[in-house]
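Undergrad: Sequence below, structure please.
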Amino acid sequence: MSKIICEVSLKGFFFNELMSLNQTLASPVSQELIYYGSNVMSDLSKSEKFFELDEGKVRNKSLGEKLLASESMLESARVRELKDIGDTSLIVCSVFKDSFNSKIIDCTYYVDLGKIAYGKLNNLIPCAFDMEDFYLCLSDQIDKLIEIMKVVGQNFLSNGEERFILNLKNAS
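TA: Okay, the predicted model is just below:
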């Protein structure tokens, strides 16, 4: 059985799903973090952002190597790289956590890399989304955001029915 979900945007769909779940928690995360999580879920739903092309071959991003390499980058490139490391760890540990079942490195390693990346990013961008220390807050609460995103991802991806999101903004 297929189900079509009509939404104006993928970001809007994920924001609504994350926000609904967040509001049921005894200790919810901020709306800014929910907004950020919805952006990450939407942006990294595109495979070209999730994987890297290396000599014509598609491969997983090596986040540890990227974190080390970011130390010698110019500030603008470093900001992009740290954000990519944090965002990739966020999506891998939430939506794609099952991909760790047969790996030596577990999700804890990626969560730690995300915390480090967002912490370093806060030093470069101390205010984001009209919030002081936004990336530091994200670093501190990444575990909670991962859990919220994981539930939304599981509800969306594995509920036994095919689900398609119709983007109403582009359907006209």
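Undergrad: buried stuff in the lengthiest helix in the chain?
TA: Longest helix in the chain by number of residues, with DSSP state H as the criterion: helix 134-157. Within helix 134-157, the residues that count as buried by 16 or more other CB atoms under 10 Å are 134-139, 141-142, 145-146, 148-150, 152-153, 156. All C-beta atoms are positioned from the backbone trio N, CA, C, and that covers glycine.
Undergrad: ok, which pair from the residues you listed is furthest apart?
TA: Distance extremes for the buried residues of helix 134-157: the farthest pair is L136 and F156 at 29.2 Å, using CB to CB.
Undergrad: Could I get the contacting residues of the nearest residue to N122 once chain neighbours are set aside?
TA: Nearest residue to N122, sequence neighbours excluded (CB to CB, 6 or more residues apart in numbering): Y135, at 3.7 Å. Applying CB atoms under 8 Å, 6 or more residues apart in numbering to Y135 gives the contacts G86, Y118, G119, L121, N122, I125, A128.
Undergrad: For those residues, pick the one with the most neighbours.
TA: Neighbour counts for the contacts of Y135 (other CB atoms under 10 Å) peak at G86, which has 27 neighbours.
Undergrad: separation between it and S62?
TA: 15 Å (CB to CB, to the nearest Å).
Undergrad: Show me the shaky parts of this protein.
TA: For the chain, the stretches with pLDDT under 70 are 1-8, 45-54, 58-60, 98-104, 157-172.
Undergrad: all strands of it, in order?
TA: 2-7, 51-54, 57-60, 127-128, 131-132, 162-167 (DSSP state E).
Undergrad: partners of the fourth one, with directions?
TA: Using DSSP bridges, the strands paired with strand 127-128 are strand 131-132 (antiparallel).
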